[in-house]
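Undergrad: need a structure here:
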Amino acid sequence: MQWENLTTKQFEEAVLSTNRVCVLPIGCLEKHGDHLPLGTDMMIARAVTEQAAKLEPYVIFPYYLFGQVSEVKHWAGTVAINSSMQMMLLNEVVKEIRRNGFDKIILANAHGGNNNCLRYFVQTMLDERRDYIVYTYDLWELTPEQLQHLEDHFETPGNYGHADHMETSQILHIDPNLVQMDKLNPGEWDPLGRGGWMTEEKLSAGIHWYTEYPNQIAGDPSLSSAEYGKTYIEFCAANFAKAVKRVKQDDTALQLQKEFFDRCDDVSTIG
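TA: As a prediction, the model looks like this:
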């Protein structure tokens with residue numbers, strides 16, 4: 001159920017019928033090589049969450065494009081708002097989702113640059129008492145068996161990363177008119193090796209991605225196919241639907257969160 005397509009009455013019914021679960025698909029606007037659209041991550045997020053909602057119903061929040069993508073500001077089309085605004089905006093959005101009746105909110109992430117900031121964001125949900133819980137989930141995760149199925153049934157390059165075989169195949173399935181395979185620049189997806197020493201020393205820096213992949217493509221997309229993309233999305237959707245079902249069935253996390261805040265209050269009354 002897409003939030004924006006519901007009437008007010010339908011919305012009220014959806015809050016109850018989904019056990020108060022709302023999913024917020026989150027991506028970004030950034031370059032995906034020269035062959036994929038800027039909104040690739042958002043399109044994939046929406047496709048996977050819509051497919052999963054057919055298996056385990058929930059309300060899907062409208063497109064949310066304001067992810068962490070500061071490392072791609074050197075390419076036109078990127079929208080990179082500053083980190084403090086990202087956190088403030090997302091915090092206000094989840095508060096509004098709660099005000100509309102949902103107390104279980106899942107951030108469905110389809111952009112690798114969001115990984116760390118979304119995990120930090122959900123940790124900040126313990127800064128003050130809340131009567132709702134926020135989860136984060138990376139939509140691209142597959143089981144070893146699913147990955148093996150893809151390797152066994154499709155010709156694949158075996159190296160993945162960004163604007164790669166997996167993402168290109170998914171967009172070929174979602175809308176092939178948006179893919180321009182003739183714009184591929186072979187070799188452009190190979191790491192440059194300029195930041196390899198950081199990886200060797202277990203270091204991380206904001207510039208690390210740029211040192212290796214300044215052209216915003218990592219992994220060979222040349223063997224991409226719509227059929228691979230369809231299967232991949234189906235696997236991702238099934239996995240996400242399973243996670244949502246567990247969230248819908250569980251009340252322990254909210255109870256423990258209340259217990260946590262109660263104990264926090266008790267600390268202030270010592271003595």
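Undergrad: residues in contact with Lys230?
TA: With C-beta atoms under 8 Å, 6 or more residues apart in numbering as the criterion, the residues that contact Lys230 are His173. Just so you know, the C-beta spots here come from the backbone N, C-alpha and C atoms, and that holds for glycine as well.
Undergrad: ranges for the helices of the stretch 151-271 of the chain?
TA: Assigned by DSSP state H, counting those that start in this stretch, the stretch 151-271 of the chain shows helices spanning 165-174, 196-200, 208-212, 226-249, 252-267.
Undergrad: redo those helices as a markdown table? Include distance to Trp3 and mean pLDDT.
TA: A markdown table is the format used below for these (distance: least, C-beta to C-beta, whole Å; pLDDT from 0 to 100):
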| stretch | distance to Trp3 | mean pLDDT |
| --- | --- | --- |
| helix 165-174 | 20 | 97 |
| helix 196-200 | 40 | 91 |
| helix 208-212 | 32 | 93 |
| helix 226-249 | 16 | 97 |
| helix 252-267 | 22 | 94 |
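Undergrad: go through those helices and pick out the most buried.
TA: Neighbour counts (mean count of other C-beta atoms under 10 Å) averaged over each of the helices of the stretch 151-271 of the chain peak at helix 165-174, with a mean of 25.
Undergrad: now for that one, which elements pack on it?
TA: helix 40-55, helix 226-249 (3 or more C-beta pairs under 8 Å, 6 or more residues apart in numbering; DSSP states H and E).
Undergrad: any idea how far Asp138 is from Met181?
TA: 27 Å (C-beta to C-beta, to the nearest Å).
Undergrad: who has more neighbours out of the two?
TA: Between Met181 and Asp138, Asp138 has the larger neighbour count (other C-beta atoms under 10 Å), namely 17 against 13.
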